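> next come a sequence and a model predicted from it.
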Amino acid sequence: MISTRGRYALRVMIDLAEHKDEGYIPMKDVVARQDISKKYMEQIMPSLVKNGFVEGVHGKGGGYKLTRLPSEYTAGEILRAAEGDLAPVACLSCNAEECPRKKDCKTLPLWEKFNDMTNEYFDSVTLESLL
């Protein structure tokens, strides 16, 4: 399940894309338009900055803006930045310890295929296509 954090990260990125020609967008403007609490947005923005998706400037005239064109972002990369990964089961999560049942697990191929399909789909959707 995609958490609120992932959904909000997508909404923030879409909002910044919609207003990309306005320069740095103040966080208060995004908060108001997206009906996201400022506190929650302050938790989301560091992962978007850390991953190089947005850059921020503090002070008067500051805010956030995209570092690339909307067509150069995928929903998958944004969701992974916010969520960590999109694995449907713990054994497929990033940095998960290898499951001792892996060799005999009858359901692992099912989860691997589902994981691949999920990631391929989200990686095929660009931020631009969501505008």
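All right, it came through fine.
> do a quick rundown of the strands in this protein.
When secondary structure is read from DSSP state E, the chain shows strands at 54-57, 63-66.
> any idea of the mean pLDDT for the last one?
This points to strand 63-66. Per-residue confidence for strand 63-66 averages out to 96 on the pLDDT scale.
> other SSEs contacting it?
Judged by 3 or more CB pairs under 8 Å, 6 or more residues apart in numbering; DSSP states H and E, the packing partners of strand 63-66 are helix 4-18, helix 27-34, helix 38-50, strand 54-57. C-beta coordinates here come from the backbone N, C-alpha and C atoms, glycine included.
> the inter-axis angle of the longest one versus helix 27-34?
Yep, that's helix 4-18 we're talking about. Calculated by axes from the mean of the first three to the mean of the last three CA atoms, to 10 degrees, helix 4-18 forms an angle of 110 degrees with helix 27-34.
> buried ones in helix 4-18?
The neighbour-count criterion (16 or more other CB atoms under 10 Å) identifies 5, 6, 8, 9, 10, 11, 12, 13, 14, 15, 16, 17 as the buried residues of helix 4-18.
> for residue 40, find the nearest of the strands of the chain.
Ranking the strands of the chain by proximity to residue 40 (CB to CB) places strand 63-66 first, at 14.7 Å.
> many thanks, I have nothing further to ask.
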